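S.K.: Got a predicted model here, sequence first, then my questions.
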Amino acid sequence: METKQFNLKLPKNFVKMAEDYAKKFGFRNIQELATVSMREKISENVLFADEKLLSENWLSEEDNQAWKDL
């Protein structure tokens, strides 16, 4: 997987809180915390969007009848 680095400016007190959180919950550093947090948030939003799209387009009464015994 190709990666790209970027810089993130945060207030010093926020960095300290992030470092404390990372240490408390077993992250190697705040970069790993940020990566995991973004991955979870993006995945959550993609899954929610897909679920919403599916429910709008494919969950009709006809579909419910077709799948009711499975």
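M.R.: Sure, I can see it. Numbers count the residues shown, from 1 in each chain.
S.K.: measure K12 to R39 for me?
M.R.: 25 Å (C-beta to C-beta, to the nearest Å). (Glycine included, C-beta is placed from N, CA and C.)
S.K.: Neighbour count: those two, which is higher?
M.R.: Between K12 and R39, R39 has the larger neighbour count (other C-beta atoms under 10 Å), namely 10 against 7.
S.K.: so which helix or strand takes in the more buried one?
M.R.: helix 30-58 (DSSP states H and E).
S.K.: Where does the prediction get shaky in the chain?
M.R.: Within the chain, the stretches with pLDDT under 70 are 45-60, 63-64, 66-70.
S.K.: and K4, what are its phi and psi?
M.R.: Main-chain dihedrals, K4, degrees, to the nearest 10: phi -140, psi 140.
S.K.: what's the neighbour count on it?
M.R.: Other residues near K4 number 4, with proximity taken as other C-beta under 10 Å.
S.K.: Then K24?
M.R.: Residues lying near K24 (other C-beta under 10 Å) number 8.
S.K.: need the contact list for it.
M.R.: Under the criterion of C-beta atoms under 8 Å, 6 or more residues apart in numbering, the contact list for K24 is empty.
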